[in-house]
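J.: Quick one, fold the following:
(one chain, ligands or ions: 1)
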Amino acid sequence: RVGAEPFHRVTPLLESWALSQVAGMPVFLKYENVQIAGSFKIRGIGHFCQQMAKRGCRHLVCSSGGNAGIAAAYSAHKLGIPVTIVLPEGTSVQVVRRLEGEGAEVQLTGKVWDEANVKAQELATRDGWVNVSPFDHPLIWEGHASLVRELKESLGTPPGAVVLAVGGGGLLAGVTAGLLEVGWQHVPIVAMETRGAHSFNAALQAGRPVTLPDITSVARSLGAKTVAARTLECAKECEVLSEVVEDREAVSAVQRFLDDERMLVEPACGAALASIYSGILWRLQAEGRLSSTLASVVVIVCGGNNISSQQLQELKIQLGCS
Ligand SMILES: COC[C@H](NCc1c(COP(=O)(O)O)cnc(C)c1O)C(=O)O
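T.: Residues are numbered from 1 along each chain as shown. Model prediction:
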């Protein structure tokens, strides 16, 4: 039966000795980097695709910086439905190869995700075709909420804060939905972005979704110029602290995490880890915006496929980080 079992897996939640030392408090890492299809995306995208298959969808199309596209290709493969992935021209060869390996038809168009998305929406007007948004649909948020149910299962008691990265805001919307569902709506969310992809921070400042003129951050997976409108409602329903770090800090965090935990993640994930490595949590506590006596903090290691040791070396040279 379609949709009987979700496509995602339960991921480990492990206390990190190294990051706890840096943070001066217990840091628990939710390892979505070992999730099916390489990032947390499969939780929401898989759920969305299963529901669409139930409703008679015959062809899936997705515009993605990479990870949502891989999750959509994996889901389509599992469902036996053809899928077209529309990607920005600069997408790495390894992602294109991975998508074609999952059986997807890949089209490269546009400079950034928003332009590829216009093309995907055009294709989706065909009969029986459904566009899989990388981050902006209630079914995606519903699927991502499974992550918080797993946190509740593992921790029992609520963490002092949950740290996550924001691109289009799907993970933020899903975690908010999950916190409300398990009764942890008082747990603050630290929403991390890199400068040059800080569309959520800009929206919060303006009180409405803002479209950035361009994406200039190396964290391409955070590269949605306009954040989902739903994220502004999340900021009213939960306590959401929006923080922006420089690319250099995100890439330095990737390197430190590689040495601390021997795992390689994208700069998008480095943005979340920079909350620890760049002392953002410590500063929020010093400013009184986070309690100075947090019992623990959970950092969602969102993962991502779009990184290699060579790309990390090139990024470190490009950004001049240690
Ligand atoms: C343009 O890209 C949006 C989306 N990446 C989103 C993404 C995020 C941010 O998640 P969001 O806030 O978009 O739900 C964090 N961490 C990783 C590794 C990601 O791939 C995609 O793959 O299409």
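J.: how about the helices in the stretch 101-250 of the chain?
T.: 113-123, 138-144, 146-155, 170-182, 199-206, 230-237, 247-261 (DSSP state H, counting those that start in this stretch).
J.: So which other helices or strands are in contact with the shortest one?
T.: Translated: helix 138-144. Other elements packing on helix 138-144 under the criterion 3 or more C-beta pairs under 8 Å, 6 or more residues apart in numbering; DSSP states H and E are helix 41-54, helix 170-182. For glycine as for every other residue, the C-beta is placed from the backbone atoms N, C-alpha and C.
J.: Compile the ones you listed into CSV and extend it with columns for mean pLDDT.
T.: Formatted as CSV, the helices and strands packed on helix 138-144 follow (pLDDT from 0 to 100):
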stretch, mean pLDDT
helix 41-54, 98
helix 170-182, 98
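J.: Relative to the ligand, which of these is closest?
T.: Closest of these to the ligand is helix 170-182, at 2.9 Å (criterion: C-beta to the nearest ligand atom).
J.: And that closest one, what's buried?
T.: Judged by neighbour count using 16 or more other C-beta atoms under 10 Å, the buried positions of helix 170-182 are 170-179, 182.
J.: among those, which are within reach of the ligand?
T.: With the criterion set as C-beta under 6 Å from any ligand atom, the members of the buried residues of helix 170-182 near the ligand are 170-172.
J.: Let me have those residues in CSV, extended by distance to residue 147.
T.: Converted to CSV, these look like this (distance: C-beta to C-beta, whole Å):
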residue, distance to residue 147
170, 12
171, 8
172, 12
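J.: where do the strands sit along the protein?
T.: 13-15, 27-31, 59-63, 83-87, 105-108, 129-132, 161-165, 189-194, 240-245, 297-301 (DSSP state E).
J.: Please render those as TSV that adds distance to the ligand to the earlier fields.
T.: Output for these, formatted as TSV (distance: least, C-beta to the nearest ligand atom, whole Å):
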stretch	distance to the ligand
strand 13-15	17
strand 27-31	12
strand 59-63	8
strand 83-87	9
strand 105-108	14
strand 129-132	10
strand 161-165	4
strand 189-194	9
strand 240-245	12
strand 297-301	9
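J.: Any chance of the ones you listed in CSV with mean pLDDT and mean neighbour count as columns?
T.: What follows is those, written out as CSV (pLDDT from 0 to 100; neighbours: other C-beta atoms under 10 Å):
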stretch, mean pLDDT, mean neighbour count
strand 13-15, 98, 14
strand 27-31, 98, 23
strand 59-63, 95, 26
strand 83-87, 94, 26
strand 105-108, 94, 16
strand 129-132, 96, 22
strand 161-165, 98, 28
strand 189-194, 98, 27
strand 240-245, 98, 21
strand 297-301, 98, 27
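J.: could the ones you listed go into JSON lines alongside distance to residue 312?
T.: What follows is the strands of the chain, written out as JSON lines (distance: least, C-beta to C-beta, whole Å):
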{"stretch": "strand 13-15", "distance to residue 312": "22"}
{"stretch": "strand 27-31", "distance to residue 312": "19"}
{"stretch": "strand 59-63", "distance to residue 312": "26"}
{"stretch": "strand 83-87", "distance to residue 312": "21"}
{"stretch": "strand 105-108", "distance to residue 312": "24"}
{"stretch": "strand 129-132", "distance to residue 312": "29"}
{"stretch": "strand 161-165", "distance to residue 312": "17"}
{"stretch": "strand 189-194", "distance to residue 312": "15"}
{"stretch": "strand 240-245", "distance to residue 312": "17"}
{"stretch": "strand 297-301", "distance to residue 312": "16"}
